[in-house]
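**Student:** Sequence and predicted structure are below.
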Amino acid sequence: MKQEILTVLSNDALTKSVYRMRLEGDLSSFTRPGQFCNLLVPGFYLRRPISVCDIEGDVLTLLYKVIGHGTEAMADMTPGTKLDVLCGLGNGYDTSLSGKAPLLLGGGVGIPPLYGLAKALLAEGKEVCAVLGFNTAEEIFWADEFRACGVSVTVTTADGSAGVGGFVTDAMPGSYSYFYTCGPVPMLRAVYEKTFTSGQFSFEARMGCGFGACMGCSMKTADGGYKRVCREGPIFYKEEIVWES
């Protein structure tokens, strides 16, 4: 983890509620796709954890959804704004277990970290397939960017207004070597039940500090112990997960 001052290069709406922010600065503490950063938004006490979509050189791309006052303030930020950012947080995805044909399953704002993962897998010569889930056609974002990289993409919408009607689990291919997933907990649980290989799950949690000090984001794991989503996670292996009612 490193504390950096990053500069906003651009901040644009992709849909009515999803924005793309590009920031420039020292990103050397990021080592794996699936890691996140923690932004200090002026006027707010707690930082905002945002998963990393992509890193190219010294430019960081974040895709975030406006869901509260903090992200509303982020949406108003203009180019040139300086932000205090904790960088290189979380463990990130492990690509060494992916096999030849990994499957990526993403829902809503769980999709962005899968983009950096897809690029890493493609660079390793893997044949990457992605199923991206949205509620409606109006909410679709970033699917074309996945395709432009060389990913085979299927889009699903819960209301059937675009792509395959239903959820990501309704459009999974019949064969894949391994899977990676990120999205809301109900989606993750459905993926857990339907997948037939091992895989890696990225969890979201309310975080106080974002680097393991407050223990506020701990979750129970299969070995009987608790792990922190921000520190030992946010990526957990399928075999570790315990679903609590």
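**Tutor:** All right, it came through fine.

**Student:** Do me a favour and get the backbone dihedrals for the nearest residue to residue 98 once chain neighbours are set aside.
**Tutor:** Among residues not flanking residue 98 along the chain, residue 178 sits closest, at 4.8 Å (C-beta to C-beta, 6 or more residues apart in numbering). All C-beta atoms are positioned from the backbone trio N, CA, C, and that covers glycine. Note on residue 178: backbone dihedrals following degrees, to the nearest 10 are phi -170, psi 170.

**Student:** Show me what residue 178 bridges to in the sheet.
**Tutor:** On the basis of DSSP bridges, residue 178 takes part in beta bridges with residue 102.

**Student:** correct me, but it touches residue 102?
**Tutor:** Yes - if you go by C-beta atoms under 8 Å, residue 178 and residue 102 touch, sitting 4.9 Å apart.

**Student:** Mind checking which of those two has more residues around it?
**Tutor:** Set side by side, residue 178 and residue 102 show unequal neighbour counts under other C-beta atoms under 10 Å, the larger going to residue 102 at 26 against 20.

**Student:** any idea which helix or strand carries the residue nearest the centre of the chain?
**Tutor:** Per C-alpha atoms, centre = their mean, the C-alpha nearest to the average position across the chain is that of residue 113, at 3.2 Å. Here residue 113, judged by DSSP states H and E, is contained in helix 112-123.

**Student:** list the helices and strands that helix packs on?
**Tutor:** Using 3 or more C-beta pairs under 8 Å, 6 or more residues apart in numbering; DSSP states H and E as the contact test, the elements touching helix 112-123 are strand 54-56, strand 102-107, helix 143-149, strand 178-182.

**Student:** Fine, thanks again, bye for now.
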